[in-house]
Structure formats: structure tokens, C-alpha cells
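Participant: Let's see this in three dimensions:
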Amino acid sequence: MVKGPIEQTIVSPDSRAKIKLLRTIGFATIEAIQTLDYFEEMYAIFSLPIEKQIKLLEIFYAKNDTRFFRYGMAINNIGVFNRAFEMKLRVLINVDIANITLAIEQYRLVTGILPDDLASLVPNFLAEVPIDLYAGKPFLYKILKDGYIVWSVGSDKINNNGKALDIDGRKYSKGTDQIYKVIGKEEKE
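Facilitator: Residues are numbered from 1 along each chain as shown. Predicted coordinates for the structure are as follows:
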């Protein structure tokens, strides 16, 4: 069977063309086209390196906050995109913090003391100090009386000096940082 122009368009990989065709014959609304555009742009952003994703998502959300949130499909799915992206960032940040912590412990094993700062770990224990994806700056580090703490500023992008929990005892909320605390005295005084 030879397909005519309508059948060829419907089975083509270009979803936008399908929706526009359906709109011209009365089966799709402008909202459906806008929602499709929205998801295509989100997909394009999520295919980029994480550092670019962060910057582009801020621009994207600012541009689209009133345009798409009134459509049910976009409203329901924006939360999914946000949660997935936040979880991805947290995992990547936890991996970086774990690598920094391992480098600090290697430094302590070799020297018997904690490093004064994260830059002291380069180049023998880290190739470079990892960048906090939320801040765009190196992770933070502080020596405590009973150990040390390594942290990211977290999703609010504000340095809360290593505060891990909010007033209600929740992690990863506004006013908190993403932290890793190690308790234990230095071996040499």
C-alpha cells in the first residue's frame, strides 16, 4: 500500500509535524504544540553536560513559568523533571564529596594531620578540587574540634556554613547545605 502525504507525516519521527497536522484538521490545540515544544526543549537541555544544564534550566524556567504551567500535562511533568534533575545533582555532588573525603583521609594517613584547605590536596591526592555544581565554585571544607566537614551550598545556592538540617529536621531544603561530616581526632597533635 502506498502511503499518501497524511500517513507519511503521521508516521514520521518529527512529533511537531504530527501535532501541527493534527491541529490543522482539528484534533490538536495550540496548547498541545506548546507542550510538545516545552518537552523537546527540556530533552535538549538534559542531553547537555551537567554544568550547562544548570544554567540553561534556570533560563528555561524563568522563560516558561507562566507560559506552560497552566496546562495539565506540563504541570504534572515539570515536577518529575525537577525531582529527577535534583536527584541527579545530589548524586553527582555526593560522589564529589566522597572523593574529596577520601583524598582528605589519604592526606591524613600520609601526613598525620588534616589539610588546612582543599587546595592542599592537589596534585598528590586530587587532580583538582571539584566544583560544587550548585555554586560553580569549589566545595567548602572546615576543620572542627572533633573532625571536619565537606559541603556543597545545596539547591538554594546559599552557603549556610555546613548546616545539614532545617528547623523541621529535613535535609535538602532551603536554608541547608549538602554535607558530609567526619568525626574523629587527628592522629598527631
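
Participant: just the strands in the protein please.
Facilitator: 131-132, 137-138, 140-144, 147-152, 178-183 (DSSP state E).

Participant: residue ranges with poor pLDDT in the protein?
Facilitator: 1-36, 39, 64-81, 166-173, 185-189 (pLDDT under 70).

Participant: change it to 80
Facilitator: Residues of the chain meeting the criterion pLDDT under 80: 1-43, 46-47, 51, 54, 57-58, 60-85, 164-177, 184-189.

Participant: any idea where the helices of it begin and end?
Facilitator: All helices of the chain, identified by DSSP state H, fall at 5-11, 15-24, 30-46, 50-64, 72-111.

Participant: out of the strands of the chain, deepest packed?
Facilitator: strand 147-152 (a mean of 22; mean count of other Cβ atoms under 10 Å). (C-beta placed from N, C-alpha, C; glycine too.)

Participant: For it, C-alpha coordinates in PDB please.
Facilitator: C-alpha atoms of strand 147-152 as PDB (Å, rounded to 0.1, in the frame of the first residue of the first chain):
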ATOM      1  CA  GLY A 147      36.700  16.100  62.800                       C
ATOM      2  CA  TYR A 148      35.800  18.000  59.700                       C
ATOM      3  CA  ILE A 149      33.000  18.800  57.300                       C
ATOM      4  CA  VAL A 150      32.900  19.000  53.500                       C
ATOM      5  CA  TRP A 151      29.900  20.600  51.900                       C
ATOM      6  CA  SER A 152      28.000  21.900  48.900                       C
END
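
Participant: L109: which of the strands of the chain is closest?
Facilitator: Closest of those to L109 is strand 178-183, at 13.3 Å (criterion: Cβ to Cβ).
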